[in-house]
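Enquirer: Sharing a model prediction with you, sequence too.
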Amino acid sequence: MANDLRLKIKGIDIHALQWGNPDGVPVLALHGWLDNAATFTHIAPLLENCNIVAVDLPGHGLSGHWPDFHHYHMWAGVEDVEWILDALGWQTCHLLGHSMGAVIGTLYAGTFPKRLTSLTLIEAIGPTVGTLDEAPQRLAEAISSLKRHDARQKPKAKMESFVQTRLQGPLKLSAQSAALLMERSVVENSEGLCWSNDKRLKNTSMMRLTEPLVGAFIKAIECPVLGIFANDGLHTKEKVAGRWQHLNGQKTLCWFDGGHHLHLDGDVPAIAHQVNLFLDAL
């Protein structure tokens, strides 16, 4: 069973789940876009001698939302992680990230290389990039979407409706895993059940980094890196290799059968075993 934790950063509450030995090796776990801390429910208990703290990132799960007229930028997640580590009182830690969490983890590791003991990336190494030509239109769309923002969520009567909505998304997910994530993605108010995630998470980002900029962050990483990718996931081996080559230090790259949520729906014991081997060797 996981323990509930609550932190405070930049004026909002951050909810988290903690597994393992509180005196064990500190591991900060970061979930993917529109997911939450529960995404690590299956793998976290299998990580040995670790104190795993999985947070609901701002705007996600049970955590607070940023005030009006704020955006959720990938690079802003770097600042969020810095404040989260300070709130936990961790000077250094291992970082485990899935998808968006791996994107933020990549940027954080390059920005504050001395603060991470290791980095485990599941299904992402750095963010999706943009081109210079598309930048003006992207900025215009982002500002327009912010002006149209309405925080109100449409209520539904049954939790199953939310589970079915998630199952109809573009990423394969079992019904069991979708229901697990919905436990922290749906809240009840006087009108019924509503999404807890901030609707602004779906807004277009104001700006995307270019490939050379992403490469600069990856080249700045100093800690050992473990990459775990899915054969039926979002990334080709060629795409991953193009970024993986920028890592200058110790690195291990593994491919497993399964889809984008392989740490939740795939061969979780085998993946956990690989993570344990990686951490034990440090």
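Expert: That came in fine, so what should we check first?
Enquirer: Doesn't Arg200 belong to a helix?
Expert: Yes. According to DSSP: H, G, I helix; E, B strand; the rest coil, Arg200 belongs to a helix.
Enquirer: Touching, it and His71? I think so.
Expert: Yes. The pair Arg200 / His71 is scored as a contact, 6.9 Å apart, by CB atoms under 8 Å. (Glycine included, C-beta is placed from N, CA and C.)
Enquirer: Quick check: pLDDT value at the closest residue in space to Glu183 that isn't next to it in sequence.
Expert: Once flanking residues are discounted, Glu183 sits nearest to Ala38: 6.3 Å by CB to CB, 6 or more residues apart in numbering. In this prediction, Ala38 carries a pLDDT score of 98.
Enquirer: How about Glu191?
Expert: Here, the pLDDT recorded for Glu191 equals 86.
Enquirer: give me the number of residues near the closest residue to it other than its chain neighbours?
Expert: What sits nearest to Glu191 in space, not counting adjacent residues and going by CB to CB, 6+ apart, is Pro155, at 4.2 Å. Using other CB atoms under 10 Å, the number of residues around Pro155 comes to 13.
Enquirer: Could you check how far Arg152 is from Asn189?
Expert: 11 Å (CB to CB, to the nearest Å).
Enquirer: So what does the closest residue to Leu180 other than its chain neighbours look like in phi/psi?
Expert: Distances taken as CB to CB, 6+ apart place Ala38 nearest to Leu180, at 5.2 Å, with adjacent residues excluded. Per-residue torsions, Ala38: phi -60, psi -10 (degrees, to the nearest 10).
Enquirer: hang on, the earlier thing: find the residues that touch each one of Arg200 and His71.
Expert: Leu146 (CB atoms under 8 Å, 6 or more residues apart in numbering).
Enquirer: wait, isn't the residue nearest to Glu183 in contact with Leu17?
Expert: Yes. With contact defined as CB under 8 Å, Ala38 counts as touching Leu17 (7.0 Å).
Enquirer: quick one: common contacting residues for the two?
Expert: Ala54.
Enquirer: circling back: what residues are up against the residue nearest to Glu183?
Expert: In this structure, Ala38 makes contact with Leu17, Ala54, Gly61, Leu180, Leu181, Glu183, Arg184, judged by CB under 8 Å, 6+ apart.
Enquirer: On the three-state scheme, Ile52 is what?
Expert: strand.
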